[in-house]
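Asks: Got a predicted structure here, sequence first:
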Amino acid sequence: MATSNPAFSQSPAFQNRSTAAATLSAENLQEMYNSPSAGAVETDRMTVEDTIVKTAVSFGVLLLGAVIGWVVPVLWIPAMIVGLVLAFVNIFKNRKKPSPALTLAYAGAQGIFIGGISLFYETEWSGVVLQAVIGTIVVVGITLALFASGKIRASAKATKVFLIAMIGYVVFSFINIILMLTGVNKDPWGVLGTQIFGIPLGIVIGVLVVIMCAYSLVLDFDAIQQGVKNRAPRVFGWAGAFGIMVTVIWLYLELLRIFALSRN
């Protein structure tokens, strides 16, 4: 039954299927077939592909910042502070509407911080930066492959264990810093430098933290996938890029420490 509204009755798209098929010519059908599907720009909806592009741009800015930090290492402390502040600002903004500018600013600041601290590690323990970079790529690649194949997924039970472990790690790190600052533990690594059967405690804990980072990546991928299913606005792709950056930076820094500790 055709609608009485002329705005729709004149369009084959809103007619009965048999009528529409008769009205559309072979050229019309071929033109519709050849036309590209609507993407993130046309629909203004979040897609995995668009989020990947935003993530790549963010890491490009981060790498550029890392070059600056490597050349001018004295900037790493102010960059660390700025990056920390921007991290909290982005977390607050991402609840309502992510900001591309703030996400890229965070990437730049963290890049400078990473460049400076990487130079310090490389000066003290030659080769650890390359090892950490390769290790980061391997962990991210394997985690992404397992997630894409469906062999690993986020679960409520695993997430609960992850959160408990995260809180425990944060508390432990805070106590370790206090012990180092007060001079109670004079080891350069603090409690992490304590050896158990000839192995620094930092390596044992570091391996567990790398596993936590991998699961954090799973949570990031799952959140992006859920955002796409919910047809979230396209701008939320920047929130996905921000989340992945935070996890990958954490993973890289942890691997830097593990490889440095292994030299002892």
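Replies: Nice, I can see it. Numbers count the residues shown, from 1 in each chain.

Asks: Which residue ranges of the stretch 51-200 of the chain form helices?
Replies: 76-93, 100-124, 128-148, 156-181 (DSSP state H, counting those that start in this stretch).

Asks: Including mean neighbour count, mean pLDDT and distance to residue 223, could these go into a markdown table?
Replies: (Glycine included, C-beta is placed from N, CA and C.) Formatted as a markdown table, the helices of the stretch 51-200 of the chain follow (neighbours: other Cβ atoms under 10 Å; pLDDT from 0 to 100; distance: least, Cβ to Cβ, whole Å):
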| stretch | mean neighbour count | mean pLDDT | distance to residue 223 |
| --- | --- | --- | --- |
| helix 76-93 | 16 | 93 | 13 |
| helix 100-124 | 21 | 96 | 15 |
| helix 128-148 | 16 | 95 | 12 |
| helix 156-181 | 12 | 90 | 11 |
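
Asks: and of these, who's closest to residue 234?
Replies: Each of those has some distance to residue 234 by Cβ to Cβ; the shortest is helix 100-124, at 10.6 Å.

Asks: Looking at the helices of the stretch 51-200 of the chain, spot the one closest to residue 263.
Replies: Once those are compared by Cβ to Cβ, helix 128-148 is nearest, at 7.4 Å.

Asks: what's the angle from that closest one to helix 100-124?
Replies: Angular relation of helix 128-148 and helix 100-124 on a 0 to 180 degree scale: 130 degrees, by axes from the mean of the first three to the mean of the last three Cα atoms, to 10 degrees.

Asks: From the contact counts, what lies against helix 128-148?
Replies: Helix 128-148 makes packing contacts with helix 100-124, helix 201-229, helix 237-262 when contacts are defined by 3 or more Cβ pairs under 8 Å, 6 or more residues apart in numbering; DSSP states H and E.
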